[in-house]
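Predicted model, plus sequence, below.
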2 protein chains.
Amino acid sequence: MPDESQLGGEFTLAIFKLNGQLLAAGEKLAEPASITVAWWQVLGAVLRQPLTAPGIARQMGITRQAVQRIANRLIAEGLLQASPNPAHKRSPLLAPTKDGRLAIERIRPGQAEFSTRLIKSFGRAEFEALISELHRMSTTVDAVGP
Amino acid sequence: MPDESQLGGEFTLAIFKLNGQLLAAGEKLAEPASITVAWWQVLGAVLRQPLTAPGIARQMGITRQAVQRIANRLIAEGLLQASPNPAHKRSPLLAPTKDGRLAIERIRPGQAEFSTRLIKSFGRAEFEALISELHRMSTTVDAVGP
DNA sequence: ACCATAATGACAACACATTGCCAATATGAG
DNA sequence: CTCATATTGGCAATGTGTTGTCATTATGGT
């Protein structure tokens, strides 16, 4: 059993590194719309259907407080709007404004271009297989994790 | 070409999620030593040989300022010590103190246990293959990236 | 040896995420 | 209906990372 500990560390570092690389790539892609990656993620979460702030947080896998602060900021910037929620008097449904959708639209071409080049360069079949393995790894970490 | 854009997004989200999961696991593992994951990483970087703060940063792939602040904190906590650097009068070499090594030692068993269980559950061959693909993906992102 | 350039440490401002706490509001079991 | 419990938004403190700036110190080409 050659060094499980070291192998685990190598895996962790590989994920951390890729996380940083993708964040940096996202910043560049989001720049033309003058928004940050976090704003992009929140706006993206409500493109298809309005959600409450805690609902967005659950979908993104981060805390509701983090989403709440970004949502407040996005509302102040006029990119997100709150509508009364019939199911929750205290928790309005959040949806992008026209400007919010415009911002996402301005990012889309660059994102599509980047994805296309990345997948082409990495190999489409291998790309899909990698995603599949990453999902399986997520499940495994949840099952095993300390 | 079915939706490269969506596939790219799915990949990014998978990496972000795993990043969060591994950070959370790391926090739990580091807790018995009362240190954070960032402290652990910095201490881990100088276990084998002393490095300067910018040297640690280059190895970790983050900015020297981020490392510097953590290093200053670790020195204040008595986990890291600075020794004169013959090659750089302004940039001391940083090495763990006895307490610093003790802290890492206290983490090691849990980390080894977690790694072993993770690799066993995921499959060793698949685990190694995944790391290899992640490295290849890092290279691809660097080559393609916006 | 000299001087432009690079590297380093310190400091500040900002973005993002976390935990913990509080008060107000839903929700659901009895 | 009532009351314990869960959810929600707001606020504060903290940790981690970034960029930018500044003064000081090395480094290297001429």
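Great, that's in hand. Numbering: from 1, shown residues only, chains lettered A, B, ... in the order given.

How about the contacts made by residue A:9?
B:111, B:115 (C-beta atoms under 8 Å, 6 or more residues apart in numbering or on different chains). The C-beta positions use only the backbone N, C-alpha and C, and glycine is treated the same way.

the inter-axis angle of the one helix or strand it maps to versus helix B:4-30?
Under DSSP states H and E, the secondary-structure element containing residue A:9 is helix A:4-30. Between the direction of helix A:4-30 and that of helix B:4-30, the angle (axes from the mean of the first three to the mean of the last three C-alpha atoms, to 10 degrees) works out to 140 degrees.

Helix A:4-30 near DNA strand C at all?
No. Contact of helix A:4-30 with DNA strand C is not found when judged by C-beta under 7 Å from any atom of the strand; the minimum separation is 8.9 Å.

Now do the same contact list for the closest residue to residue A:10 other than its chain neighbours.
Counting by C-beta to C-beta, 6 or more residues apart in numbering or on different chains, the nearest residue to residue A:10 once its immediate chain neighbours are dropped is residue B:131, at 5.7 Å. Listed by C-beta under 8 Å, 6+ apart, the contact set of residue B:131 reads A:7, A:10, A:11, A:14.

Select the longest strand from chain A.
Counting residues, the longest strand in chain A under DSSP state E turns out to be strand A:88-96.

So what touches that one?
Outside of strand A:88-96, the residues within contact range by C-beta under 8 Å, 6+ apart are A:43, A:46-47, A:50-54, A:56, A:71, A:75, A:79-85, A:104.

just checking, which of the residues you listed belong to helices?
In this view, these that belong to helices under DSSP state H are A:43, A:53, A:54, A:56, A:71, A:75, A:104.

can you tell me which residues contact the third one?
Read that as residue A:54. Residue A:54 makes contact with A:64, A:67, A:91, according to C-beta under 8 Å, 6+ apart.

of these, buried ones?
The neighbour-count test (16 or more other C-beta atoms under 10 Å in any protein chain shown) marks A:64, A:67 as buried among those.

Retrieve the pLDDT associated with residue A:72.
For residue A:72, the pLDDT comes out at 96.

quick one: low-confidence parts of chain A?
Residues of chain A that meet the criterion pLDDT under 70 lie in A:1-2.

any idea which element the spatially most central residue of it lies in?
In chain A, the centroid-proximal residue (C-alpha atoms, centre = their mean) is residue A:41; its distance is 4.5 Å. Secondary structure assigned from DSSP H and E places residue A:41 in helix A:37-45.

which residues are contacting that helix?
Defining contact as C-beta under 8 Å, 6+ apart, one finds that helix A:37-45 is touched by A:23, A:26-27, A:30, A:33, A:35, A:51, A:56, A:59-60, A:67, A:70-71, A:73-74, A:79-80, A:96, A:100, A:103-104, A:107.

go with 6 Å
Contacts to helix A:37-45, defined as C-beta atoms under 6 Å, 6 or more residues apart in numbering or on different chains, come from residues A:26, A:27, A:30, A:56, A:59, A:70, A:96, A:100, A:104.

and the second one, how many neighbours?
Other residues lying near residue A:27 total 14 when counted by other C-beta atoms under 10 Å in any protein chain shown.

count of residues packed around the residue of chain A at minimum distance from DNA strand C?
Ranked by C-beta to the nearest atom of the strand, the top residue of chain A for proximity to DNA strand C is residue A:89, at 2.0 Å. For residue A:89, the neighbour count with other C-beta under 10 Å is 8.

Next, count neighbours for the residue lying closest to residue A:23 once chain neighbours are set aside.
When the adjacent residues along the chain are set aside, residue A:23 lies closest to residue A:37, with 6.1 Å between them (C-beta to C-beta, 6+ apart). The local packing of residue A:37 (other C-beta under 10 Å) involves 18 other residues.

Now do residue A:37 against residue A:141, distance only.
Going from residue A:37 to residue A:141 by C-beta to C-beta, to the nearest Å gives 23 Å.
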